[in-house]
Each structure stands twice: as C-alpha cells, then as structure tokens.
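[1] turn this into a structure:
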Amino acid sequence: MSEPQIRFAYPVDWPIGRLKTIARKPALFRSGDRPLLFDEAVGRLREQVRKVTLNGHAWRMLELTLSTNCPLRADGRPRRDQGAPADPSVAFFFELDGRPHVLACDRWNTVADNIAAIAAHIEALRGQERWGVADLEQAFAGHVALPAPEQWWQVLGVRADAS
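    Next up, the predicted model:
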C-alpha cells in the first residue's frame, strides 16, 4: 500500500463550536530524550491512517488535510524558517467511509505534540474496534465535521432579513 498523502493547510481551520484551550501545557510526546519533531508527528499520523485503511475502511486519500498555523512553502509543505507559531492548534480533516470528520487538538505547547495527540487518539479509537467495543463508524461518530454556515445570519442564529 502506498503512503497516505496528507495535504497541509494554513492557517488553522478550527472546527465550528469547538472551544480553544486557554492554558496549554507541555506534552510527553517525545522521541527519546528530545522533543518530537514535526515530521515525526506527521509520520505517526500517517501510520494510523494506514492502519485504519488496512482494516478495510475507506479513507478518501485525496481528502486528508492537516490544518495548522505553520505557513506553507510554494510546494505546499510547512516552512521551517519562521519558528514555532504562537498558536499551535491543529485540525485534521478527512472522510471515513464517505463521511466528513475532523479531529482537533490545541492542548499542548507545540504543533508536533498536537499532531501526535491526534495520532494517539486515532490509535485509541482503533483499539475500540479491536477490542469489540465499537466499530470505527461508532468510534468516530462524535467527530463528524459540521458544515460551515453559509451566511452571517446563520452564525448569529437570526433571520436572514434581520438588520
């Protein structure tokens, strides 16, 4: 099987209705004695996507999008020359078995740790299926991506003709 392709997006597209973390903290997602690197975290995420696919679920491979506040280079990869963003929030958008989903994390101090947290979350959801507690459709049900409101009046919850 080919390596899952993840498209990067900037700036972060935070899910509607999801509250942001106020006080972030250091995470324990380490690689030996050093902090986790961005590419290592993305590798963990790719590995979990690959394992879900091996279990017969249909990820839409062209629709895997990792949204962060890391500016992008011309080739679509995150830049490495601008330091860490002030907001390390991460959102991972995908379709699984034909349904749009989003997993988002901003609890940790670094983009890499937030990506690794999403990968660990997918691994835990896969465990539910392995242990016979829930299938992946049930496990991911709470992560269905809500469509963006089409007009300002929908965001405010008022009539379209409100002044």
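[2] all contacts plus neighbour counts: C-alpha atoms, from now on.
    Fine.
[3] what are the ranges of the helices in the chain?
    38-54, 111-130, 136-139, 152-156 (DSSP state H).
[4] mean confidence for the shortest one?
    pLDDT averaged over helix 136-139 equals 69, rounded to a whole number.
[5] ditto for the first one
    Along helix 38-54, the predicted confidence averages to a pLDDT of 89.
[6] which other helices and strands contact it?
    Where contact means 3 or more CA pairs under 8 Å, 6 or more residues apart in numbering; DSSP states H and E, helix 38-54 is packed against helix 111-130.
[7] run through the neighbouring helices and strands of the helix it packs on.
    For helix 111-130, the packing partners by 3+ CA pairs under 8 Å, 6+ apart come out as helix 38-54, strand 90-96, strand 99-105, helix 136-139.
[8] ranking the ones you listed by burial, who's on top?
    Of all those, strand 90-96 has the most neighbours on average by mean count of other CA atoms under 10 Å, namely a mean of 23.
[9] can you list contacts of it?
    12-15, 57-60, 63-69, 100-106, 111, 114-115, 118, 145 (CA atoms under 8 Å, 6 or more residues apart in numbering).
[10] that older thread, now the helices and strands packed on helix 111-130 in JSON lines, please, with extra columns for distance to A27.
    Rendered in JSON lines, the data for these read as follows (distance: least, CA to CA, whole Å):
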{"stretch": "helix 38-54", "distance to A27": "13"}
{"stretch": "strand 90-96", "distance to A27": "14"}
{"stretch": "strand 99-105", "distance to A27": "12"}
{"stretch": "helix 136-139", "distance to A27": "24"}
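[11] ok, the closest residue to R30 other than its chain neighbours - contacts?
    Spatial nearest neighbour of R30, chain neighbours left out: L36 (4.8 Å); criterion: CA to CA, 6 or more residues apart in numbering. Contacts for L36 (CA under 8 Å, 6+ apart) come out as F29, R30, A112, D113.
[12] coming back round to it: please name whichever of the helices and strands packed on helix 111-130 is nearest to F8.
    Closest to F8 of these, according to CA to CA: strand 90-96, at 9.4 Å.
[13] could you export the closest one as PDB, keeping only the C-alpha atoms?
    Listed next in PDB are the C-alpha coordinates belonging to strand 90-96 (Å, rounded to 0.1, in the frame of the first residue of the first chain):
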ATOM      1  CA  VAL A  90      -4.000  21.500  14.700                       C
ATOM      2  CA  ALA A  91      -7.100  20.200  12.900                       C
ATOM      3  CA  PHE A  92      -7.100  17.000  10.800                       C
ATOM      4  CA  PHE A  93      -9.900  16.800   8.300                       C
ATOM      5  CA  PHE A  94     -10.700  13.600   6.500                       C
ATOM      6  CA  GLU A  95     -13.500  11.500   5.100                       C
ATOM      7  CA  LEU A  96     -14.000   8.000   6.500                       C
END
